[in-house]
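# here is my input, please return the structure:
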Amino acid sequence: MPAHPVTVPQALARAAATWPTRSALEDGEARLTWAELARQAHAVASSLVDRGIRPGDRVAIWAPNSWAWVLAALGSHLAGATLVPLNTRYKGAEATDILDRSGARLLFVAEGFLGLDLAGMLDRPDLPMLRLPADLPALLATPPGPLPEVDPEQPSDVLFTSGTTGRPKGVLTSQRQTVTTFTTWAETVGLRADDRYLVVAPFFHAFGYKAGLLACVLTGATMLPQPVFDAGQVLARLQPDRVSVLPGPPALYESLLLADRTGVDLSGLRLAVTGAAVVPEVLVRRMREELGFETVLTAYGLTEACGVVTMCRQGDDDATIASTSGRAIPDVEVRVVDAEGRSLPPGEPGEVVVRGYNVMLGYLDDPTATADAVREGWLHTGDVGVLDARGCLRITDRLKDMFIVGGFNAYPAEIELALAGHPDVREVAVVGVPDPRLGEVGLAFVVPQDGPPDEAALIAWARERMANFKVPRAVRVVDALPRNASGKVDKVALRRLA
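Numbers count the residues shown, from 1 in each chain. Have a look, this model is predicted:
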């Protein structure tokens, strides 16, 4: 058995051999040790092989976080299949489109999730389906048979981008890329075998699937799946489930801070990992002081780079953790370049480009988009960022979200970070809207802390702290910001509102 696994089957075999009697997975009445989880995943894999699944075939999962999702995923990997996770927020037509384009040969589908008949929403009567959890007992009764050797260079999964700026694209990454990247992630954040990890991030996203499920397989930490985020439910689980690790987007921690925590024991919380949005320094401090986290880290990644590009390290100060996404992970290079591809000096904003072992194999069946995204080995992320003299990266925006005010480039994330410092602002998102004189100007959607902020006062406050072209010309108060299933603010929805 390799000391450093490079495939998911190798990682699961190592977990079963290293921590056979430790708890691997707890979800209601479903409780499995690592040895039991490996044995049951082998049975699922044997059943898939009996059903004709061969290495490289694609197997889809459309279900919320649960013990059943874990078994379906690990069984698929052991059978040599390429996993295609589907967003649980998809409507029937969207899921059908992904199934069609991915060429999935089989679908694991949840029964009764949020009262929905997911299988009935699909227009794919020809596609074999296995219902979760109803069909699992029959799969688990399958006698374990021989399984294929899984090639480290074969695709481990096809993850479809969130699609907030267009049609979702399928991103292919290999077994080696996936396992190597999240071995590094787990080591950097300090995930341990005695940790109990509440996985709130959805398994269909790299945050939940790779930095959650797979990171636990790689370290022996106990998986505690949470199907849908609800602040009250999460707080109620902390003490009885002895949760020590709780990663998620900033909005998760904001929700916990707003919730009634009377009588809740937070003393077990040890590690938080966040990103995917602006992280105010005050939030980092409150996560330590009010939620009790010993360690709070931020990171930056994208699906096309296997989910991780840069990370803060243990011991970084709060300002570094809040204002940057840390330094490049080992053996990965990060540059900030201008429109001609020339490297920019520290402090100058430009497009973030990435080169290293974590850059995707390519977009599924889209060589043109792949060639546009990966040029001479460098992945062009479409994100605008700034590197400081230490090599720490600060993401300032998406190129697509940037708007131009009277000839000046305005980056919403930079404006949002400033506005988030106002005491009456709990959350904020800024989009560009048409303006007859300046071309575009900023519109700020604000979720208030308590009562609605005074619009004129907030704009005047902003004028004292940023260049005039960056200051939003209008403020709209909303109860909540629209988000995609990854926890990111849906700017397309906001532009429609605007």
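# remind me, longest helix of the chain?
For the chain, the longest helix by residue count, based on DSSP state H, is helix 34-50.
# and it, what other elements does it pack with?
helix 8-18, strand 23-27, helix 67-78, helix 136-140 (3 or more C-beta pairs under 8 Å, 6 or more residues apart in numbering; DSSP states H and E). In this view, the C-beta of every residue, glycine as well, is placed from N, C-alpha and C.
# buried sites along it?
34-38, 40-49 (16 or more other C-beta atoms under 10 Å).
# what does stretch 101-114 give?
In terms of neighbour count (16+ other C-beta under 10 Å), stretch 101-114 has its buried residues at 101-102, 104-110, 113.
# adding distance to residue 127, secondary structure and pLDDT, write those out as JSON lines.
Output for the buried residues of stretch 101-114, formatted as JSON lines (distance: C-beta to C-beta, whole Å; DSSP: H, G, I helix; E, B strand; the rest coil; pLDDT from 0 to 100):
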{"residue": "101", "distance to residue 127": "13", "secondary structure": "helix", "pLDDT": "95"}
{"residue": "102", "distance to residue 127": "11", "secondary structure": "helix", "pLDDT": "97"}
{"residue": "104", "distance to residue 127": "7", "secondary structure": "coil", "pLDDT": "98"}
{"residue": "105", "distance to residue 127": "8", "secondary structure": "coil", "pLDDT": "98"}
{"residue": "106", "distance to residue 127": "7", "secondary structure": "strand", "pLDDT": "98"}
{"residue": "107", "distance to residue 127": "6", "secondary structure": "strand", "pLDDT": "98"}
{"residue": "108", "distance to residue 127": "11", "secondary structure": "strand", "pLDDT": "98"}
{"residue": "109", "distance to residue 127": "10", "secondary structure": "strand", "pLDDT": "98"}
{"residue": "110", "distance to residue 127": "15", "secondary structure": "strand", "pLDDT": "97"}
{"residue": "113", "distance to residue 127": "18", "secondary structure": "strand", "pLDDT": "87"}
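# hmm, back to that, and residue 317, which of the helices and strands packed on helix 34-50 is closest to it?
Closest to residue 317 of the helices and strands packed on helix 34-50, according to C-beta to C-beta: helix 8-18, at 33.3 Å.
# now do the closest one: which elements does it pack against?
With contacts defined as 3+ C-beta pairs under 8 Å, 6+ apart, the packing partners of helix 8-18 are helix 34-50, helix 67-78, helix 175-189, helix 215-219.
# that helix versus helix 67-78: what angle between them?
Going by axes from the mean of the first three to the mean of the last three C-alpha atoms, to 10 degrees, helix 8-18 is angled at 110 degrees with respect to helix 67-78.
# re earlier: and the next element down the chain from the longest helix of the chain?
strand 58-62 (DSSP states H and E).
# rewinding a little: of all the buried residues of helix 34-50, which comes closest to residue 13?
Nearest member of these to residue 13, counting by C-beta to C-beta, is residue 38, at 6.7 Å.
# ok, back up a step: show residues contacting the longest helix of the chain.
The contact list for helix 34-50 (C-beta atoms under 8 Å, 6 or more residues apart in numbering) reads 12-13, 15-16, 18-22, 24-25, 32, 59, 70-72, 74-79, 81, 106, 136, 138-145, 147-148, 220.
# now for this structure, the helix or strand with the poorest mean pLDDT.
The helix or strand of the chain with the lowest confidence, counting by mean pLDDT, DSSP states H and E, is strand 408-410 at a mean of 72.
# if we can go back for a sec, quick one: the longest helix of the chain to chain centroid distance?
Here helix 34-50 is found 27 Å from its chain centre; the criterion is C-alpha atoms, centre = their mean, to the nearest Å.
# average pLDDT across it?
Summarised as a single mean, pLDDT over helix 34-50 is 98.
# stretch 343-358 too?
The average pLDDT within stretch 343-358 is 96.
# any low-confidence regions in the stretch 101-250 of the chain?
For the stretch 101-250 of the chain, applying pLDDT under 70 flags the ranges 162-166.
# now the strands for the stretch 251-400 of the chain?
Taking DSSP state E, counting those that start in this stretch to define them, one finds strands in the stretch 251-400 of the chain at 271-274, 295-300, 310-311, 327-328, 332-337, 350-356, 362-363, 374-375, 378-387, 393-398.
# reformat these as a markdown table; add distance to residue 176.
Listed next are these as a markdown table, based on distance: least, C-beta to C-beta, whole Å:
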| stretch | distance to residue 176 |
| --- | --- |
| strand 271-274 | 23 |
| strand 295-300 | 21 |
| strand 310-311 | 20 |
| strand 327-328 | 19 |
| strand 332-337 | 14 |
| strand 350-356 | 13 |
| strand 362-363 | 15 |
| strand 374-375 | 17 |
| strand 378-387 | 17 |
| strand 393-398 | 25 |
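# can you say which of the ones you listed is packed in most?
Highest mean neighbour count of the strands of the stretch 251-400 of the chain: strand 310-311, a mean of 25 (counted as mean count of other C-beta atoms under 10 Å).
# that strand pairs with which strands, parallel or anti?
Here strand 310-311 is paired, per DSSP bridges, with strand 295-300 (antiparallel), strand 327-328 (antiparallel).
# what does the first one rub up against?
With C-beta under 8 Å, 6+ apart as the contact definition, strand 295-300 has outside contacts at 185, 188-190, 270-275, 279, 284, 287-288, 308-314, 316, 318, 321-322, 324-326, 393, 395.
# of the residues you listed, buried ones?
By 16+ other C-beta under 10 Å, the contacts of strand 295-300 give 185, 188-190, 270-275, 279, 284, 287-288, 308-312, 316, 321-322, 324-326, 393, 395 as buried.
# who is residue 354 paired with across the strands?
Going by DSSP bridges, residue 354 forms beta bridges with residue 334, residue 379.
# OK, contacts around it?
Listed by C-beta under 8 Å, 6+ apart, the contact partners of residue 354 are 305, 309, 332-334, 378-379, 381.
# any idea how far it is from residue 321?
Distance, residue 354 to residue 321, by C-beta to C-beta, to the nearest Å: 21 Å.
# repeat that for residue 305.
Separation of residue 305 from residue 321 (C-beta to C-beta): 21 Å.
# please apply the same query to residue 331.
From residue 331 over to residue 321 (counting by C-beta to C-beta), the distance is 23 Å.
# equivalent analysis for residue 103, please.
Relative to residue 321, residue 103 is positioned 42 Å away (C-beta to C-beta).
# related to what we said a few turns ago, the helices and strands packed on helix 8-18: which one's closest to residue 232?
Evaluated with C-beta to C-beta, the helices and strands packed on helix 8-18 place helix 67-78 nearest to residue 232, the distance being 22.1 Å.
# distance from the closest one to the middle of the chain?
Centre-to-centre, helix 67-78 and its host chain are 19 Å apart (C-alpha atoms, centre = their mean).
# do stretch 194-210 as well
9 Å.
# also stretch 284-294?
Chain-centre distance of stretch 284-294: 22 Å, with C-alpha atoms, centre = their mean.
# give the buried residues for it.
Those would be 284, 286-288, 291, 293, for stretch 284-294 by 16+ other C-beta under 10 Å.
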